[in-house]
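In: next come a sequence and a model predicted from it.
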Amino acid sequence: MNILSGLKNKLIGDKNFYRRVIAVVIPIIIQSTVTNVVNLVDNVMIGNVDTLQMTAVGIINQLIFVFNLCIFGGMSGAGIFAAQFFGAKDNKGVAHCFRFKLYLGFIILAIFVTVFLAFPEYFISLYIAEGTDTQNALLTLGYAKDYLFIMLLGLIPFMVAQAYGSTLKEVGETSVPMIGSVAAIGVNIFLNYMLIFGKFGFPALGVVGAAIATSISRLVECLFVIFVTHKKKEKYLFIKDAFTTFKIPKYIVVDIIKKGTPILINELLWSMGMAALLQCYSVRGIHVVGANTISSTVSNLFNVVFIALGSSIAIFVGQQLGANKIKEAKLTASRLIFLSFASSIVMGLVLMLLSPYIPYMYNTENNVKELATSLLFIYSIFMPFFALSNGSYFTLRSGGKTIITFLFDSIFTWCICVPTAYLLVHFTGLNILAVYAIVQGIEIIKGCVGLILIKKGVWINNIVNNKL
């Protein structure tokens, strides 16, 4: 009984614990849900125009996903310090971290825009399988280039909004980023309807209209978050010191680079790994790209709970480590990982039940719909293990163990997942569903490794104790 009682205490918190978690997590879930609903609506709208246009959007979104993850990874290094500085009540330290995010964000932005403008056809062609009808291949390439060039304009406000929004979350404010996203999403849906289909006197622009709508909505989100943050500077104290100087203390820069570079490289390699997996799957036909576009868009909507709980781990555990509350940090991590796992079992079952119906919202070929249904069903089975991996990743990262997260995440992807997919699609006769199931099933190993690392306590570390 004592063992069971101890285990229950370790995995399940009291009412006050869940009240605090809900206050932080619910706004993140709402923000992520609304964002993913809009991505789904975008997808359905484009899918009702033309399957090739939907495929083109899926290809470019996969490429931009690499940029998004690099921004996330680059800012996460500074975010680890920001959360711990806030826990230590050092607002100037948080301001330095925020300033670092902006500098790094503009560097990443310049690199990606240059690469995308210089080699668009090369990257797009990677996802168009050999043997694809020449006319379909050329149309897909043209749609993708049109979509990409306009989407590049939206990367600037996206980056700035991420710098502000992530810092607000690290100081415990999740509502402002949520409201900004919801407002932007409303703009996005309205503009999508007008510009994709040509309503209210506007021309029907298809993928071009979708790109314009997305870029404008990102600008709206950015301006909103900036305005509220500066208006409430008495509440968000870090912003008072954010622009009083352009300098960042050398020791902070060095420490962030040491801890943050592995995260940046990890996010870059992991997102490239996801892009490589899609490229492997695309070898089996362009219809696979369309089905995967549907599957990934829908599954992202069901991932919002465990993704939000991962973010909350970074916030709560980071703050507790910064305040030297080690015992509380260990309990919080265990309880949030368990909550993430349990909630993903529920979300996975819901996705499993809905998977036969959701793809039929799309006006695309039946073979694409059927394949998307099967991909969603397979994904739903492994969702709890994705939750374990995600929770483990954020726990390890909260203590600054970024080399371990690098090995745990991107090295695992590139050394195990990608080679497995490549070998199976090129050297076996297995159909795409079997290949996809095997690759997703590998996540079980990663989840188990994550739990072992958490249990060992290698992540427990106060990285700002000597900076006060």
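Out: Arrived safely, thanks for sending.

In: which secondary structure elements does the helix or strand where Gly310 lies contact?
Out: Taking DSSP states H and E as the criterion, Gly310 maps to helix 304-322. Judged by 3 or more C-beta pairs under 8 Å, 6 or more residues apart in numbering; DSSP states H and E, helix 304-322 is in contact with helix 15-49, helix 51-87, helix 155-170, helix 326-354, helix 366-398. Bear in mind the C-beta positions are built from the backbone N, C-alpha and C, glycine included.

In: do that again at 6 Å, thanks
Out: Under the contact definition 3 or more C-beta pairs under 6 Å, 6 or more residues apart in numbering; DSSP states H and E, helix 304-322 sits against helix 15-49, helix 51-87, helix 326-354, helix 366-398.

In: of all those, which one comes closest to Leu269?
Out: helix 51-87 (9.4 Å; C-beta to C-beta).

In: list the contacts for Ala213?
Out: Contacts of Ala213 were listed using C-beta atoms under 6 Å, 6 or more residues apart in numbering, and they are 188, 191-192, 195.

In: distance-wise, check it relative to Gly201.
Out: 16 Å (C-beta to C-beta, to the nearest Å).

In: same question for His426.
Out: 51 Å.

In: one more: Gly77?
Out: Following C-beta to C-beta, the distance that separates Gly77 from Gly201 is 47 Å.

In: who's more crowded, these two?
Out: Per other C-beta atoms under 10 Å, whichever of Gly77 and Gly201 has more neighbours is Gly77, with 27 against 6.

In: per-residue pLDDT, the closest residue to that one other than its chain neighbours?
Out: Closest residue to Gly77 apart from its sequence neighbours, by C-beta to C-beta, 6 or more residues apart in numbering: Gly260 at 1.7 Å. Per-residue confidence (pLDDT) for Gly260: 78.

In: residues near Gly260, how many?
Out: Residues near Gly260, counting by other C-beta under 10 Å: 26.

In: let's verify it: helix, strand, or coil?
Out: helix (DSSP: H, G, I helix; E, B strand; the rest coil).

In: quick check: closest non-adjacent residue to the residue most central in space within the chain.
Out: The chain has Leu69 as the residue nearest its centroid, 6.5 Å off, counting by C-alpha atoms, centre = their mean. In space, and not counting its chain neighbours, Leu69 is closest to Ser271: 3.7 Å by C-beta to C-beta, 6+ apart.

In: what sits against the one you found?
Out: Ser271 neighbours (C-beta under 6 Å, 6+ apart): 65-66, 69.

In: helices - which of the contacts of Ala213 land there?
Out: 188, 191-192, 195 (DSSP state H).

In: same list (these) but as JSON lines, adding neighbour count and pLDDT.
Out: Shown next, in JSON lines, are the ones in helices among the contacts of Ala213 (neighbours: other C-beta atoms under 10 Å; pLDDT from 0 to 100):
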{"residue": "Asn188", "neighbour count": "26", "pLDDT": "88"}
{"residue": "Leu191", "neighbour count": "20", "pLDDT": "92"}
{"residue": "Asn192", "neighbour count": "22", "pLDDT": "88"}
{"residue": "Leu195", "neighbour count": "23", "pLDDT": "92"}
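
In: nearest to Ala372, of the residues you listed?
Out: Nearest to Ala372 among the ones in helices among the contacts of Ala213 is Asn192, at 20.9 Å by C-beta to C-beta.

In: what sits against the closest one?
Out: Contacts of Asn192 by C-beta under 6 Å, 6+ apart are 42, 45, 210, 213.

In: generate a PyMOL selection restricted to the buried entries among those.
Out: Applying 16 or more other C-beta atoms under 10 Å to the contacts of Asn192 leaves a buried subset, and the PyMOL line that selects it is:
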select buried, resi 42+45+210+213
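
In: pLDDT check: weakest of the contacts of Asn192?
Out: pLDDT is lowest at Asp42 among these; the value there is 72.

In: residues in contact with that residue?
Out: Contacts of Asp42 (C-beta under 6 Å, 6+ apart): 192, 210.

In: and if you look at Lys92?
Out: Asp241.

In: what strand or helix carries it?
Out: Per DSSP H and E: helix 91-118 holds Lys92.
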